[in-house]
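# Give me the fold of what follows.
(one chain, ligands or ions: 1)
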Amino acid sequence: MADQVLARETFLLKNRQVDVTLSPTRLSWYPLTAGDALHASDANAVDLSEVIAVTPVEKRCQRSKDGFSDIELTPISCSRFAVHYVQKKRGRIWRPGKVTFKCPDPTVCREWIDRLQERLNQEYLRPRRLLVFVNPFGGKKRGVQIYQQKVAPLFDLARIKADVIVTERAGHARDLLQELELNKLDGIVCVGGDGMFSEILNGLITRTQQEAGVDKDWLAAELVRPHLRIGIIPAGSTDAVSYATVGVNDPVTSALHIIIGDCQPLDVSSVHYRSQLLRYNVSFLGYGFYGDVVRDSDLRRWMGPTRYDYSGFKKFCRRKIYEGEVAFLPCSDQGSSPYDQIRCTEGCLVCKQAGEKDKPTPFNPSEQPRAVETFGPGGWQRVRGRFIAINAATNSCACKKTPKGVSPSAHLADGCTDLILIHATPRYRFLGHLLKHLTDSDRFNHSFIEVYRVREFKFRPVIIEETEDDMVEDEEAGVLSRRNYRRNTRRNSVWNCDGEIIDQPAIDVKVHCQLIKLFARGIEETKQSSCWPVGCFCA
Ligand SMILES: Nc1ncnc2c1ncn2[C@@H]1O[C@H](COP(=O)(O)OP(=O)(O)OP(=O)(O)O)[C@@H](O)[C@H]1O
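The predicted structure follows:
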């Protein structure tokens, strides 16, 4: 099928004759004259799935040939068409590329444009109509500029109709998603950071459950998958979701993934407090250190992205300890582990198998039980301890600061989250663990860290009584003075839920396998494979 020739013609490319062939999946061209090889940097084939658009080039300016006026420009009409396609650069960056063919006559040119356009129309995953939300205040406040200058021209080129809404307040996009007509859309795009993405995610899933009559507050509910895909144009401070699903935080790359209709399923965790849904989450949940950092940094938004460094340093110096109990339901796939070094890349087999196993069952509202399970039986395990941090990484959570992520082997769509328990330990050891996030080394190889791949977990904080024993133990470790010990053990932390704050410490979390789909394709393998998962300093 791939070798079948649909059309073949001789055209001019940069004034050289080329033999152009169209197959069902590729457009390729080769120089006809021996020794007339194309320049090494010129492509000589493109996959039709990665063609952005085909456009006629009606007129072209050429220098007059009379020899008297070099600078005089004469428009001449000619028969040309341009094929715009995705060019892959270093470090998983994509850019639009263009090749222009000159045809023997206008009829042939028209025929080729129609033929190529027809093939593109058959790419049914490509979006035709999108709803775009732009956060004008995310990251460096360049959301509107990024959309207008880098994204809108590409959407126009690809003939995508975009309805653009610039948000006026926090929560605006989430509220609009409850009322707007979504039926005619092929996807929703957010221009902003992780907080903005979280709004769209929560708005879309909530709307879908409402329409399907699913009780979102019921922890055991089988949630219904939204039919719309979400696209992320990164314009925030961290852009962790973009890093984890595309590999870079580059607006043009993400726009091109949207245009060609890439599709990446993604796990979503629902976070509950008692019998109430608090939020949906896709990447990171952190209590203790990371909860304190997000709470502190939220008060310093005026500092821009550097607020995370400042608050991180401050909270590291404080090193608070929180006591509590974690119960979790381990992943049913015995072969999958956070230590297995199997990285989730484009076309990941682990995610594929999880998706096949976890086909959604039709929803029946009459079957909803109301009982709320606490620390349930049936495979549940518990760990009680004094923790610096309790983290859950539903994907690698890679970002610029942590190129390989919080949990490098976590998967985008395996229905599990990696639960990382960091027990109380002296500062220098915790620092050793944190520094490993900057390198390739195994960040879990410490006696004070336990990691489990789980489908569900619950956390209950414990306000501990101070005992002599505890204090002696801490003093022996040389970590905390009595005064600090009292100060450090009394208060609860908050949860950092994809960069937003959840105040209730006692939460129940359940991962919903492949609940949503993004316009992305996962982390592409590159020749510089050591640079996984991108954003890596050498990319
Ligand atoms: N018009 C607006 N005015 C004020 N806040 C807004 C507006 N639109 C959205 N928001 C809120 O701004 C918050 C932060 O936005 P966003 O995530 O885009 O940027 P960021 O926090 O800088 O990036 P990141 O989350 O990647 O660190 C979001 O929680 C969102 O709800």
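# can you list the residues of this protein near the ligand?
Contact residues (CB under 6 Å from any ligand atom) of the chain with the ligand: 135-139, 167-170, 172, 192-196, 199, 236-239, 499. For glycine as for every other residue, the C-beta is placed from the backbone atoms N, C-alpha and C.
# Now restrict the residues you listed to buried residues only.
Buried by 16 or more other CB atoms under 10 Å: 135-136, 138-139, 167, 172, 192-196, 199, 236-239, 499, out of these.
# Between the two ends of stretch 172-187, how far is it?
With CA to CA, to the nearest Å as the measure, stretch 172-187 spans 18 Å from end to end.
# for stretch 256-272, same thing?
Taking CA to CA, stretch 256-272 runs 36 Å from one end to the other.
# List the buried residues in it.
Along stretch 256-272, these residues count as buried under the neighbour rule (16+ other CB under 10 Å): 256-262, 264-272.
# Tell me which of those fall in helices.
256-259 (DSSP state H).
# ranges for the helices of the chain?
For the chain, the helices defined by DSSP H cover 106-121, 143-146, 152-157, 172-179, 194-212, 240-245, 251-259, 289-298, 307-318, 349-357, 427-435, 468-476, 482-490.
# if I read this right, residue 105 contacts residue 111, doesn't it?
No. The criterion here is CB atoms under 8 Å, and residue 105 misses it with residue 111 at 10.0 Å.
# Mind telling me which residue of the stretch 201-350 of the chain is nearest the ligand?
In the stretch 201-350 of the chain, no residue comes nearer to the ligand than residue 236, which is 2.6 Å away by CB to the nearest ligand atom.
# what sits up against stretch 333-345?
For stretch 333-345, contacts defined as CB atoms under 8 Å, 6 or more residues apart in numbering pick out 350-351, 353-354, 395-396, 407-412, 414, 416, 418, 420, 444, 451-453, 522-525, 532-533.
# Any buried residues in it, and which?
Within stretch 333-345, the residues that count as buried by 16+ other CB under 10 Å are 333, 336-338, 343-345.
# Now do the same contact list for the closest residue to the ligand within the stretch 1-150 of the chain.
Using CB to the nearest ligand atom, the closest approach of the stretch 1-150 of the chain to the ligand is made by residue 138 at 2.5 Å. Shown in contact with residue 138 (CB under 8 Å, 6+ apart): 191-193, 195-196, 235-237.
# ok, 10 Å please
By CB atoms under 10 Å, 6 or more residues apart in numbering, the contact list for residue 138 reads 146, 167, 190-197, 234-237, 239.
# Where does the prediction get shaky in the stretch 301-450 of the chain?
Scanning the stretch 301-450 of the chain for pLDDT under 70 picks out the ranges 358-378.
# about what we covered before: list just the nearest of the buried residues of stretch 256-272 to residue 20.
Of all those, residue 20 sits closest to residue 260, with 21.2 Å by CB to CB.
# Got phi/psi on that closest one?
Backbone geometry at residue 260, expressed as degrees, to the nearest 10, gives phi -80, psi 0.
# go on, residue 416?
Main-chain torsions, residue 416, degrees, to the nearest 10: phi -130, psi 160.
# quick revisit: out of the contacts of stretch 333-345, which are buried?
When these are checked for burial by 16+ other CB under 10 Å, the buried set is 350-351, 354, 395-396, 407-412, 414, 416, 418, 420, 444, 451-453, 522-524, 532-533.
# Please flag which of those residues sit within strands.
Of these, the ones assigned to strands by DSSP state E are 418, 420, 451-453.
# so which of the contacts of residue 138 would you say is closest to residue 88?
residue 234 (18.1 Å).
# The ligand versus residue 461, what's the distance?
Separation of residue 461 from the ligand (CB to the nearest ligand atom, to the nearest Å): 25 Å.
# show me the contacts for that residue.
Residue 461 makes contact with 287, 322-325, 387, 390, 491-493, 504-506, according to CB under 10 Å, 6+ apart.
# Try it again at 6 Å.
For residue 461, the contacting residues are 324, 492, 505, by CB atoms under 6 Å, 6 or more residues apart in numbering.
# so which of those is the most crowded?
Counting neighbours by other CB atoms under 10 Å, residue 324 comes out on top of the contacts of residue 461 with 22 neighbours.
# wait, isn't it in contact with residue 462?
Yes. Using CB atoms under 6 Å, residue 324 is in contact with residue 462, at 5.2 Å.
# picking up where we left off before, chain neighbours aside, what residue packs nearest to the residue of the stretch 1-150 of the chain closest to the ligand?
Distances taken as CB to CB, 6 or more residues apart in numbering put residue 192 closest to residue 138, at 3.7 Å, once the chain neighbours are dropped.
# My read is that residue 421 contacts residue 450, right?
Yes. With contact defined as CB under 6 Å, residue 421 counts as touching residue 450 (4.5 Å).
# Have a look at the two and say which one is more surrounded.
Using other CB under 10 Å as the criterion, residue 421 and residue 450 rank with residue 421 on top: 20 against 15.
# mind listing what the more buried one touches?
383, 390, 450.
# pretty sure the first one is touching residue 326, no?
Yes. Counting by CB under 6 Å, residue 326 is a contact partner of residue 383 at 5.0 Å.
# So for those two, which sits in the more crowded spot?
Taking other CB under 10 Å, residue 383 and residue 326 do not tie; residue 326 has more neighbours (22 against 17).
# For residue 525, give me phi and psi.
With angles defined as degrees, to the nearest 10, residue 525 sits at phi -70, psi 140.
# what's near enough to touch it?
Residue 525 makes contacts with residue 345, as judged by CB under 6 Å, 6+ apart.
# try it again with 8 Å
With CB under 8 Å, 6+ apart, residue 525 has these contacts: 345-346.
# residues contacting residue 314?
residue 296.
# what about residue 81, how many residues close to it?
Number of residues near residue 81 (other CB under 10 Å) recorded here: 21.
# OK, contacts around it?
The contact partners of residue 81, by CB under 8 Å, 6+ apart, come to 54-57, 100-101, 103, 109, 112-113, 116.
# Over to residue 7?
Shown in contact with residue 7 (CB under 8 Å, 6+ apart): 21-22, 112, 115.
# ranking the residues you listed by neighbours, who comes first?
Per-residue neighbour counts (other CB under 10 Å) across these peak at residue 112, which has 23 neighbours.
# now that one, nearest residue through space, not along the chain?
Spatial nearest neighbour of residue 112, excluding adjacent residues (CB to CB, 6+ apart): residue 81 at 6.1 Å.
# What's the separation between the one you found and residue 385?
66 Å (CB to CB, to the nearest Å).
# for residue 181, same thing?
Separation of residue 181 from residue 385 (CB to CB): 50 Å.
# the more surrounded of these two?
Shown here are residue 181 and residue 385; by other CB under 10 Å, residue 385 has more neighbours (18 against 7).
# That one pairs with what?
Here residue 385 shows beta-bridge partners residue 324, assigned using DSSP bridges.
# and stretch 79-95, which residues are buried?
Neighbour-count burial for stretch 79-95 [16+ other CB under 10 Å]: 79-81, 83-88, 91-94.
# Against residue 498, how distant is the residue nearest to residue 171 when sequence neighbours are not counted?
Among residues not flanking residue 171 along the chain, residue 199 sits closest, at 6.8 Å (CB to CB, 6+ apart). Separation of residue 199 from residue 498 (CB to CB): 10 Å.
# Over to residue 117?
Look at residue 117 and residue 498: by CB to CB, they are 40 Å apart.
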